[in-house]
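1. No letters, just coordinates:
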């Protein structure tokens, strides 16, 4: 018996386009006993409030009918939202629908909200016995987190497979498990434990593709009875692949992928994230400010990789405080890649604001106002070019800056997509070195010089922030590990520095509230950190 | 027997400050048999990720100890987070703690996530039998949504009171129920039904105060056996009030408050929302751009009411496209209130950008770029004055504009708080008329002239948008009522207009993503409408 895994890049809400992709993959897989697609494949993941609209559900229903008609001879298992017509509970079920020769069978998700609590707004959990009889095989159909609970904690949701009345012969899981740099390894171990516990082979099909801030990395796979991976699909790429169930009995890793290094994973995820953000919205061209610093040099390199260098326009906006090397480094970062660039000095604009505000500011001294004025003049210029030529602005701030509020709202925090906003500065350094592993793509001088915002003479980041190695270590403890100041100080960090850093994190939720979607690559991006804005 | 309701304005995270308020209210209430505070009173509502930090919970624990010591002779019921030490499930319980003469009893919330799914990230539900023996009375202690389910839908969470083994003699509810303009009436009916069903008197204590976007309106009350309100606390105001339980048997509405008109409710909520946004963060002074249009005239009137006119600075930023009446109307809107204002023309800044961008734009025609340039020059100016003098920028865009993306990111969409972003334009009109009910506060000319962004000669909003009455009716159906285009057209609206409007709503999630917190006054503010940014 042959089964096909269809790891496809779907677009949220694009029911018609997704339907075509499903039909195409199905028709490629004739002869398979089953073609499995990921969770909510037909509507894309996650559709959020689109699910509230009746015509959206109707479009899904019609698409299912059309798929059933066009692929009648191919047994399919597709993720779709379905109406809850019982009159009780939430309006929908999160389902997998089996289609074959006029037959339809619906399998409903149970563990709603285990790793995505937003689901509970839309979907009613179900306790149905989800067994699909496939020829002589009993297949347990599970959706996403139905099988993620491997703890013995009875208070958490159970693993779906524990509940089945009769033991299945295969488990299928339609998944939507987002990327983070630890996830591929963790996910494989969670699934393997489930296989070993139940001694049943597992077919796991994940989404691939970027959907605004969330990136799905694919990596679909099949586990045999012994917990070995016997078939793998690639990470960060679409693939439709068929395997023979005879592999289930294999006593070795037939096809287990090596999990890439952290920087390689992050690199591939960000490139995919940028590419899909553009292609799924019909955008082609990007624009960004090039300061000569590391962050913008890194973002232009990633964007050039994702979109082609000819589609990424760099804008150098020097001021009187810009050093010579920032201009030459910025030019080098564009020219190394072959990206077009413009030099647009901000002096005229800055002076105009200075003159305009003179009657109000009189002789008040230069302060953060004038620093922000420079950043905001740059924001206006780069947005004007963006508006005129239709290039989408990429934001270049990093997670260390976002954490402590080192950035100007409506200035350098402008942009439609934050590319490296989930990378600490030290990780951004590391990623630059990874990109330069074979040859200089990002100018080494940019990587090696001390970071500076260049908003006043001789300014360096370390004037207002601790050294990035210290800063990032404290931030990691506080944000990723939820450690409070006392706990961080107990690890040996300087008390004054820790208190200062944590205070800065607490005070800058209002800035983070207004920035663009951030490509999520860590286990704990700020988007997942709900914080009250008004607090003491 | 006398019981006290303590409807107090708490600050999220300010455990020490909240503790002092609790002690003060308790000491005012000596002689009461019970003083009841709202849900999570000690830590403010809702603390979100603060709950993840061990020292935060520890501070709550210490504060409880101190309250117990200082108010030993006063029986108190306080809302606090408490650790779940069972080792199973979520790390905390959402509890009410009873303190009296060294005795402590803890009551845990059951219906976690009924109306605030975020709760489920932190709190484990509990099935304990929450009965407090108060003298000879059995008091059922419930928290928030524990008693909100009045449906017969067994799939939804149950009403907590249905579960108790023995029938209580009083129900107490520690609540945190946010304001919307329909809520006070709905809430009273929900609670009344619960009372009539169980035939038990109910004491309901709600939060009061603004916490960034969410506003709590108070309106705590006591229901007697017959479902009549026998004691009311005011809306939008702190109050600590004691009543005698003899009132429970009353056969009439002893003290049921009239629920104000929609505009009066919205007005009071917005004033409270602005005031608390400032006072809770230690800010005093506001700033906003005054265009001479209705929205900014409305916001300055609300801000002057909330903060005092001397603390609200209006900035007029005329361009060559500004009409004479916009300047005179803007001046009148400040002068009527007694607010200071500056006139800062944007011509110099606009010309500087024009000159700066000339080498790139060459002879390309005036388009939306130049319109945005004007809005963004204003953004830079008003933010510079904000930075220099420490005035916090109020955003003045309305819900109709936010819906269809009629506004410039980093331009007129700048600001730390969106005051009227949850009011449709027609509601903004209505609110102006309410404010002017006794005398002209907002210039009538501003209210009566056709709305215009004045970014090009002779521009009017109706050039690109349908008449606001039509637009708002369509938006209301689509956003508040989740109606799709087909359903809206079936109500008699023009097909082309509906399709155009709904398309605009779908395309502008990226703009709404980046705007400031919006004071929520409707049942469905955009903050509660989760929408994918990348979609088709």
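-> Structure received. Because the structure is predicted, anything quoted here is derived from the model rather than measured. Residues are numbered from 1 along each chain as shown, chains lettered A, B, ... in the order given.

2. for whichever helix or strand residue A:469 is part of, the distance to its chain's centre please.
-> Using DSSP states H and E, the element containing residue A:469 is helix A:468-475. Helix A:468-475 sits 23 Å away from the centroid of its parent chain (Cα atoms, centre = their mean, to the nearest Å).

3. Check stretch A:520-527 too.
-> 8 Å.

4. Give me the contacts around that stretch.
-> A:178-183, A:213-215, A:265-266, A:269-270, A:399, A:402, A:421-423, A:479-480, A:512, A:517-518, A:528 (Cβ atoms under 8 Å, 6 or more residues apart in numbering or on different chains). (Each C-beta comes from the backbone N, C-alpha and C, glycine too.)

5. So which of those residues are in strands?
-> A:214, A:215 (DSSP state E).

6. What about the contacts of stretch A:520-527, which are in helices?
-> A:183, A:265, A:266, A:269, A:270, A:399, A:402, A:512 (DSSP state H).

7. circling back: could you name the helices and strands sitting against the helix holding residue A:469?
-> helix A:399-404, helix A:425-435, helix A:495-507 (3 or more Cβ pairs under 8 Å, 6 or more residues apart in numbering or on different chains; DSSP states H and E).

8. what's the closest of the ones in helices among the contacts of stretch A:520-527 to residue A:453?
-> Nearest to residue A:453 among these is residue A:402, at 14.2 Å by Cβ to Cβ.

9. Tell me who's in contact with the closest one.
-> Counted by Cβ under 8 Å, 6+ apart, residue A:402 has contacts A:418, A:421, A:508, A:511, A:512, A:515, A:518, A:526.

10. now residue A:392
-> With Cβ under 8 Å, 6+ apart, residue A:392 has these contacts: A:278, A:283, A:285, A:286, A:287, A:386, A:416, A:417.

11. Show me the domain layout of chain A.
-> When chain A is parsed with automatic domain parsing, its domains come out as A:2-259, A:274-456+A:509-528.

12. To residue B:431, which of these lies closest?
-> domain A:274-456+A:509-528 (25.4 Å).

13. I figured residue A:243 hits residue A:222, correct?
-> Yes - the criterion here is Cβ atoms under 8 Å, and residue A:243 meets it with residue A:222 at 5.8 Å.

14. Need the overlap of contacts for the two.
-> A:3, A:5, A:230, A:231.

15. Between those residues, which sits nearest residue B:238?
-> The closest of the shared contacts of residue A:243 and residue A:222, once distances to residue B:238 are taken by Cβ to Cβ, is residue A:5, at 60.3 Å.

16. which one among the ones in helices among the contacts of stretch A:520-527 gets closest to chain B?
-> Nearest to chain B among the ones in helices among the contacts of stretch A:520-527 is residue A:512, at 11.2 Å by Cβ to the nearest Cβ.

17. For that closest one, list the residues it contacts.
-> Counting by Cβ under 8 Å, 6+ apart, residue A:512 has contacts A:402, A:526.

18. residues from the stretch 201-350 of chain A in reach of chain B?
-> A:210-213, A:276-277, A:280-281, A:342, A:344-346, A:348-349 (Cβ under 8 Å from any Cβ of the partner chain).

19. quick one: which of those is most hemmed in?
-> residue A:349 (31 neighbours; other Cβ atoms under 10 Å in any protein chain shown).

20. returning to what we had before: okay, the ones in helices among the contacts of stretch A:520-527 in JSON lines with pLDDT next?
-> Below are those laid out as JSON lines (pLDDT from 0 to 100):
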{"residue": "A:183", "pLDDT": "95"}
{"residue": "A:265", "pLDDT": "98"}
{"residue": "A:266", "pLDDT": "98"}
{"residue": "A:269", "pLDDT": "98"}
{"residue": "A:270", "pLDDT": "98"}
{"residue": "A:399", "pLDDT": "98"}
{"residue": "A:402", "pLDDT": "96"}
{"residue": "A:512", "pLDDT": "94"}
